[in-house]
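**Q** What shape does this take:
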Amino acid sequence: MISPIIGWCGAGAMALAPFAIDTDEGKLAAIAGLVLLTVQALDIRAWNLVLLNLAGIIGYCYALYI
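**A** Sure, this is the predicted structure:
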């Protein structure tokens, strides 16, 4: 069982990221939050959330790249 702290940290990062999403730091916070939430989703085998989180991670990485 994954520590609930990972999920809470991911949720916190995702809650704060929209306020700075126009900056690189905001996008990095969103990526970090999604990575942490993906760990939690993998632990409970919520494959739909894993795929959704991976799509978000790819999207934010692309937004950082351009």
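**Q** residues touching the residue positioned nearest the centre of the chain, list them.
**A** Centroid-nearest residue in the chain: Leu34, 1.0 Å away (criterion: C-alpha atoms, centre = their mean). By C-beta atoms under 8 Å, 6 or more residues apart in numbering, the contact set of Leu34 is 10, 14, 53, 56-57, 60. For every residue, glycine as well, the C-beta is placed using N, CA and C.
**Q** got a winner among those residues for most neighbours?
**A** Asn53 (23 neighbours; other C-beta atoms under 10 Å).
**Q** Please enumerate residues in contact with stretch 24-33?
**A** Stretch 24-33 is contacted by residues 9-14, 16-21, 56-57, 60-61, 63-64 when judged by C-beta under 8 Å, 6+ apart.
**Q** hmm, 6 Å instead?
**A** Contacts with stretch 24-33, where a contact means C-beta atoms under 6 Å, 6 or more residues apart in numbering, come from 10, 13-14, 17, 20, 57, 60, 63-64.
**Q** Please dump those into JSON lines; it should also carry pLDDT, distance to Ala46 and secondary structure for every row.
**A** Output for those, formatted as JSON lines (pLDDT from 0 to 100; distance: C-beta to C-beta, whole Å; DSSP: H, G, I helix; E, B strand; the rest coil):
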{"residue": "Gly10", "pLDDT": "96", "distance to Ala46": "13", "secondary structure": "helix"}
{"residue": "Ala13", "pLDDT": "97", "distance to Ala46": "18", "secondary structure": "helix"}
{"residue": "Met14", "pLDDT": "97", "distance to Ala46": "16", "secondary structure": "helix"}
{"residue": "Ala17", "pLDDT": "97", "distance to Ala46": "21", "secondary structure": "helix"}
{"residue": "Ala20", "pLDDT": "96", "distance to Ala46": "27", "secondary structure": "helix"}
{"residue": "Ile57", "pLDDT": "98", "distance to Ala46": "16", "secondary structure": "helix"}
{"residue": "Tyr60", "pLDDT": "97", "distance to Ala46": "20", "secondary structure": "helix"}
{"residue": "Ala63", "pLDDT": "96", "distance to Ala46": "25", "secondary structure": "helix"}
{"residue": "Leu64", "pLDDT": "94", "distance to Ala46": "26", "secondary structure": "helix"}
